[in-house]
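Participant: structure for this input, please:
(one chain, ligands or ions: 1)
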Amino acid sequence: MAELLDTIIVGAGFSGLAAARLLQKENKKFIVLEARDRVGGRTHTRYLKDQMYVDLGGQWIGPTQDRMYELAKECGINWYNTYNEGKNILDLNKTIRTYTGLIPKMDVLSLINIDYVLKKLDRMAKRIPLDKPWLAPQAKTWDSLTLEAFVRKHCYTANCYKVVRAGLETVYASELNEVSLLHALFYIRSGTNLNCLLSIDNGAQQHRIKGGMQTLAEAVAKPFYELIKFNCPVKRIIQQTDTVSVEGDGFSFQAKKVIMAIPPVLINHIEFTPALPMYKSQLIQKLSMGIVGKVFGVYEKPFWRNQGFSGQVVADEHAPFQTFFDSSPADSSYGVLLAFCIADRARAFFANDESTRKKIALEAFGKYFGKEATQPVHYIDHCWADEAWSRGCYAGLYPAGAWTNFQNTLAQPTGSIHWAGTETADVWYGYIEGAVRAGERAANEILKGRV
Ligand SMILES: Cc1cc2nc3c(=O)[nH]c(=O)nc-3n(C[C@H](O)[C@H](O)[C@H](O)COP(=O)(O)OP(=O)(O)OC[C@H]3O[C@@H](n4cnc5c(N)ncnc54)[C@H](O)[C@@H]3O)c2cc1C
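Facilitator: Numbering: from 1, shown residues only. Sure, this is the predicted structure:
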């Protein structure tokens with residue numbers, strides 16, 4: 001008869017790995033079942049020749065993401081500052097302007113308006129109780145509106161709307177009409193404030209992991225690597241009185257408890273017996289993923305720095321990409337320009353074949369950073385909506401009505417099954433920090449019997 005495990009963890013992203021780490025510390029018998037052939041999930045470093053790499057998925061950490069810094073320290077992994085010096089570029093109405101600091105060069109009225117909209121969102125976000133967003137004072141009203149409706153109402157100039165939209169699309173990885181205003185506010189509060197979400201210095205984009213985020217995922221997994229079963233997509237979960245069977249093609253494992261650490265969109269692909277409670281199953285059907293592609297030019301040197309550019313761009317809907325960053329490694333031994341291609345722009349861009357995408361991308365790179373930018377050593381683009389085991393990114397999004405109608409049903413245990421993943425986090429929802437916190441919370445529910 002097969003061994004009865006204490007716990008089976010489904011998913012070896014940061015959330016599953018964080019749960020496994022805690023269970024191992026308590027000498028629990030567990031395994032991790034992972035559909036892919038690697039750890040890291042929505043974080044993935046692609047290694048190129050000559051020790052070059054790019055982070056296709058999650059790559060930044062920043063202040064108040066305390067668990068990430070602690071994990072990195074415990075694993076002996078270093079981090080470094082994101083390059084943030086020089087002139088930024090604003091591509092607005094097909095005109096390119098450069099500026100330094102935080103304030104773009106544009107008409108004063110639009111600048112005042114941008115400041116007003118962002119501050120208003122921050123003020124409203126402060127009123128969201130993180131553990132119960134549906135109890136915010138105006139939760140029902142805010143949850144019946146989209147973020148788009150709010151932004152349209154409060155952006156009085158076209159230029160304000162264009163800049164705010166490009167910034168917020170980069171934060172949520174979706175069109176603004178796909179997100180409930182209440183969820184947008186919860187997300188802001190969950191990640192401290194909007195300034196933090198949008199910034200490099202003192203913000204969510206402040207630091208990179210040396211060697212790429214994969215280095216950290218692998219270091220976290222190292223002590224229990226032999227307990228991770230790769231290429232094992234879970235298809236059925238059967239709860240009996242004292243045990244749970246977790247099954248897929250050619251495997252079946254039994255445990256007293258299960259931790260689910262996969263994106264919500266993939267949960268409904270698993271057959272549960274008994275079926276998941278109606279509330280959870282209905283909520284899962286509503287949480288669709290955002291869509292984001294990363295587009296990289298890798299160069300022998302970060303040449304734009306010598307020309308006084310930071311590598312940062314914000315571009316309106318006329319351009320193929322919303323935002324750009326300098327994503328070069330710690331020692332700047334080569335240069336990486338990273339463009340974010342999000343929502344409708346991603347759907348349009350990734351409908352093209354690779355050579356057309358490369359042509360469109362390099363034209364944009366050249367427009368901002370000159371001829372050298374059109375001749376990268378490597379061109380790479382990657383759309384997370386194409387990945388069967390993610391189906392989009394950065395995270396599942398609550399549409400209008402979902403928070404107030406379903407509350408935090410997603411994180412609630414169902415019998416012997418506990419629920420992790422960044423979408424169950426109160427703090428840093430949608431980020432790697434949230435994934436780690438959620439994994440640790442689910443493990444502690446089992447270890448300490450706390451729910
Ligand atoms: C382009 C991009 C940029 C991002 N940028 C940042 C950033 O800079 N900073 C940041 O903090 N966050 C960022 N994020 C978000 C961050 O990567 C995620 O929030 C986080 O990695 C989610 O971790 P998770 O463990 O909850 O889920 P996942 O990483 O999705 O892990 C789930 C795992 O479950 C596996 N799985 C799925 N279904 C099954 C099944 N049926 N059976 C077995 N295994 C299964 C998957 O293969 C996966 O490995 C970004 C994401 C993307 C894609």
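
Participant: and the spatially most central residue of the chain, how close does it get to Lys28?
Facilitator: The chain has Tyr394 as the residue nearest its centroid, 3.2 Å off, counting by Cα atoms, centre = their mean. Separation of Tyr394 from Lys28 (Cβ to Cβ, to the nearest Å) stands at 30 Å. Backbone N, C-alpha and C define where each C-beta goes, glycine included.

Participant: residues of the stretch 301-450 of the chain that sit close to the ligand?
Facilitator: Residues of the stretch 301-450 of the chain found near the ligand, taking Cβ under 6 Å from any ligand atom as the criterion, are 384, 389-390, 393-395, 421-422, 430-433, 435.

Participant: out of those residues, which sit inside helices?
Facilitator: The helices, defined by DSSP state H, take in 432-433, 435 from these.

Participant: out of these, who has the most neighbours?
Facilitator: Ala435 (34 neighbours; other Cβ atoms under 10 Å).

Participant: residues in contact with it?
Facilitator: Residues in contact with Ala435 (Cβ atoms under 8 Å, 6 or more residues apart in numbering) are 13-15, 18, 41, 261, 420-422, 425.

Participant: would you mind measuring from the closest residue to Ile96 other than its chain neighbours to Ser390?
Facilitator: Nearest non-adjacent residue to Ile96, counting by Cβ to Cβ, 6 or more residues apart in numbering: Ile89, 6.1 Å away. Per Cβ to Cβ, Ile89 is found 30 Å from Ser390.

Participant: likewise for Ala184?
Facilitator: 22 Å.

Participant: for Phe303, same thing?
Facilitator: Distance from Phe303 to Ser390, by Cβ to Cβ: 33 Å.

Participant: and the residues of the stretch 301-450 of the chain next to the ligand, which two are the farthest apart?
Facilitator: Farthest pair in those (Cβ to Cβ) is Trp389 and Glu433. Separation: 21.2 Å.

Participant: mind listing what's buried along stretch 344-359?
Facilitator: Neighbour-count burial for stretch 344-359, counted by 16 or more other Cβ atoms under 10 Å, picks out 345-346, 349-350, 357-358.

Participant: now do the same end-to-end measure for that stretch.
Facilitator: One end of stretch 344-359 to the other measures 19 Å (Cα to Cα, to the nearest Å).

Participant: so for it, what's the average pLDDT?
Facilitator: Stretch 344-359 shows an average pLDDT of 98 in the prediction.

Participant: kindly report the same for stretch 58-66.
Facilitator: Computed over stretch 58-66, the average pLDDT equals 98.

Participant: which other residues reach that stretch?
Facilitator: Stretch 58-66 has contacts (Cβ under 8 Å, 6+ apart) with 42-43, 68-69, 72, 79, 82, 192, 196, 199, 202-209, 212-213, 327, 394, 428, 431-433.

Participant: just give the number of residues close to Val295.
Facilitator: The burial count for Val295: 27, using other Cβ under 10 Å.

Participant: quick one: the helix or strand where it lies near the ligand?
Facilitator: Using DSSP states H and E, Val295 sits in strand 292-299. Yes. Counting by Cβ under 6 Å from any ligand atom, the ligand has neighbours in strand 292-299: 292, 294.

Participant: helix or strand right after that strand?
Facilitator: Assigned by DSSP H and E, the successor of strand 292-299 is helix 303-306.

Participant: and the residue of the stretch 101-250 of the chain found nearest the ligand, what does it touch?
Facilitator: Closest to the ligand within the stretch 101-250 of the chain is Val234: 3.7 Å, counting by Cβ to the nearest ligand atom. Residues in contact with Val234 (Cβ under 8 Å, 6+ apart) are 10, 33, 35, 246-248, 270.

Participant: of those residues, closest to Ile291?
Facilitator: Once Cβ to Cβ is applied, the member of these that ends up nearest Ile291 is Ala35, at 20.1 Å.

Participant: look up how far the ligand lies from the closest one.
Facilitator: Separation of Ala35 from the ligand (Cβ to the nearest ligand atom, to the nearest Å) stands at 4 Å.

Participant: that residue touches Asn231, doesn't it?
Facilitator: Yes. Counting by Cβ atoms under 8 Å, Ala35 does reach Asn231; the two are 7.3 Å apart.

Participant: which neighbours do these two share?
Facilitator: Common neighbours of Ala35 and Asn231 (Cβ under 8 Å, 6+ apart) do not exist.

Participant: who's more crowded, those two?
Facilitator: Between Ala35 and Asn231, Ala35 has the larger neighbour count (other Cβ under 10 Å), namely 19 against 14.

Participant: which SS class is that one?
Facilitator: With DSSP: H, G, I helix; E, B strand; the rest coil as the basis, Ala35 sits in coil.

Participant: and Asp55, what is it in contact with?
Facilitator: Asp55 neighbours (Cβ under 8 Å, 6+ apart): 43-46, 208, 212-214, 294, 327.

Participant: who does it form a beta bridge with?
Facilitator: Counting by DSSP bridges, Asp55 forms beta bridges with Thr45.

Participant: check the one 5 residues further on too.
Facilitator: Beta-bridge pairing of Trp60, defined through DSSP bridges, involves Arg208.

Participant: ok, back up a step: just put the buried residues of stretch 344-359 in TSV and tack on distance to Val220 and secondary structure.
Facilitator: Supplementary listing: the buried residues of stretch 344-359 in TSV, determined by distance: Cβ to Cβ, whole Å; DSSP: H, G, I helix; E, B strand; the rest coil:
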residue	distance to Val220	secondary structure
Arg345	33	helix
Ala346	29	helix
Phe349	33	helix
Phe350	31	coil
Arg357	33	helix
Lys358	34	helix
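
Participant: specify which member of those residues is nearest to Trp134.
Facilitator: Ala346 (30.2 Å).
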